[in-house]
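Visitor: Below are the sequence and a predicted model; questions follow.
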Amino acid sequence: MSAAERVMLKPGDTIGILGGGQLGRMLALAAARLGLKCQVFSPDPDSPAFDVVQYATCAEYADVEALERFATDVDVITYEFENIPSSVATILEARRPVRPNCRILETTQDRLIEKDFVTSLGIPTAPYRAVSSAAELHDAVADLGRPAVLKTRRFGYDGKGQAMIRPGDDLAAIWDNLDTRAAILEGFVPFEREISVIATRGADGQVVSFDVTENDHRNHILKVSRAPAAIADEVAARARAIAETIANALGYVGTLAVEMFVAPSEDGGLQVLVNEIAPRVHNSGHWTLDGASVSQFEQHIRAIAGWPLAPAVRHGTVTMTNLIGDEVHDFPRWLTVPGATVHLYGKREARPGRKMGHVTVVTGGPAPTQS
Ligand code: AMP
């Protein structure tokens, strides 16, 4: 099967997953339930995803031979993280279909290109300027005002590669500290809440999104997600439409997450601004494992397998709490909480800030049918 060919997997076929973290693990578990096998590629011998698959490749992403062998062993390739080097993508795409298409990564790996793309669709974002020197930072801050948020264009996550610029801050020092030549300055969004939409686009172009999720971060790391978000139906519909527009515009196949801000608008209403696109399953969609008729992981597997998507029906009011670092040691207590479903990722070392597991609690009856 060549990279460009249509994918239609059958039970017993094998999906290659790049990346061996908890997202890869939960993708592999969802695939197994549908009778599909997974082979995981990861450089880390302690990868949580290795524990749940029969076949694994433990090698560096620079190991061309290992990548080639991995590609020929599988029927379709997907990924659980977005910072895949383009050299890796080229090797894999020459041998097997990669879903979602790696061209998408060129848009989503760079915050400036991503914001230009979102803006080109007529979707609002925070005001932003490209910054490549201390002098440009000075001009951009004069333009956008303070507070503002300076971010590296590439490889930022969980607040890393980011600096808040407040009144009185020394711009030259902040620029030196960020240690990059490619950054973006964003005007600070005085958001009322942070939300995300998890949407899946099938190979046939059908898009199914979950109810909007509301997210609370602690130290820049997601702590709690709630579904549905406490927002008006009209705002939720706008958020879902934004995610669906992005999925279509990217020609996406698989599950993606769009992180957004809900903020006051000048006319006294509320606006929905896109913060970031994650071209993969996402932590804020973990609630769908226990709180919906189909999970974000299963939808992704269905999409990349060329199978029909499921309607996404939420089961009730859902709260997902991440167990971060030492918090995982509290798991015996969570095991006894009525109605709580505990997920542990099997990571040996509970380092600070490391996502070790999550707990989902679903209350209330079935929600009205969602599209
Ligand atoms: P990011 O890495 O872009 O997802 O940013 C991490 C977190 O920083 C977000 O979840 C927000 O809480 C905050 N943040 C990022 N950009 C802005 C912004 N332009 N205005 C206000 N808060 C922001």
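Guide: Received, thanks.

Visitor: ok but V149 is inside a strand, no?
Guide: Yes - when DSSP: H, G, I helix; E, B strand; the rest coil is applied, V149 is found to be in a strand.

Visitor: I'd like to know how far the residue nearest to it when sequence neighbours are not counted sits from the ligand.
Guide: Of all residues not flanking V149 in the chain, E186 sits nearest, at 4.7 Å (Cβ to Cβ, 6 or more residues apart in numbering). (C-beta placed from N, C-alpha, C; glycine too.) Distance, E186 to the ligand, using Cβ to the nearest ligand atom, to the nearest Å: 4 Å.

Visitor: hey, what's E186 bridged with?
Guide: Y128, V149 (DSSP bridges).

Visitor: Over to V258?
Guide: V197, I277.

Visitor: thinking it is in contact with I195, fair?
Guide: No - using Cβ atoms under 8 Å, V258 is not in contact with I195; the gap is 9.2 Å.

Visitor: I'd like to know which elements the top helix by length along the chain is packed against.
Guide: Assignment by DSSP state H gives helix 233-249 as the longest helix of the chain. Packing partners of helix 233-249 (3 or more Cβ pairs under 8 Å, 6 or more residues apart in numbering; DSSP states H and E): strand 193-201, strand 207-209, strand 254-264, strand 270-278.

Visitor: Which secondary structure state is assigned to the residue of the chain most remote from its centre?
Guide: Using Cα atoms, centre = their mean, the residue of the chain lying farthest from its centre is G168. It sits 34.4 Å away. Look at G168: counting by three-state DSSP, its state is coil.

Visitor: Quick check: pLDDT value at it.
Guide: Turning to G168, the model gives it a pLDDT of 95.

Visitor: residues contacting it?
Guide: Under the criterion of Cβ atoms under 8 Å, 6 or more residues apart in numbering, G168 has no contact partners.

Visitor: measure it to the ligand for me?
Guide: Counting by Cβ to the nearest ligand atom, the gap from G168 to the ligand is 18 Å.

Visitor: ok, the closest residue in space to Q22 that isn't next to it in sequence - contacts?
Guide: Nearest residue to Q22 in three dimensions, chain neighbours excluded: Y345, at 4.2 Å (Cβ to Cβ, 6+ apart). Listed by Cβ under 8 Å, 6+ apart, the contact set of Y345 reads 21-22, 25, 48, 355-357.

Visitor: again, only this time at 6 Å
Guide: By Cβ atoms under 6 Å, 6 or more residues apart in numbering, Y345 lies in contact with 22, 48, 357.

Visitor: and the gap between the second one and G353?
Guide: P48 sits at a distance of 16 Å from G353 (criterion: Cβ to Cβ, to the nearest Å).

Visitor: So which residues on the stretch 151-300 of the chain come close to the ligand?
Guide: By Cβ under 6 Å from any ligand atom, the residues of the stretch 151-300 of the chain that approach the ligand are 156, 159, 162, 186, 188-189, 194, 217, 220, 259, 275-276.

Visitor: okay if I get those residues as CSV plus distance to A32, pLDDT and neighbour count?
Guide: Formatted as CSV, those follow (distance: Cβ to Cβ, whole Å; pLDDT from 0 to 100; neighbours: other Cβ atoms under 10 Å):
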residue, distance to A32, pLDDT, neighbour count
G156, 33, 76, 18
G159, 34, 73, 15
Q162, 37, 94, 16
E186, 41, 98, 22
F188, 44, 98, 16
V189, 40, 98, 21
E194, 33, 98, 21
H217, 31, 97, 13
H220, 33, 91, 11
E259, 29, 98, 20
N275, 33, 97, 20
E276, 30, 96, 19
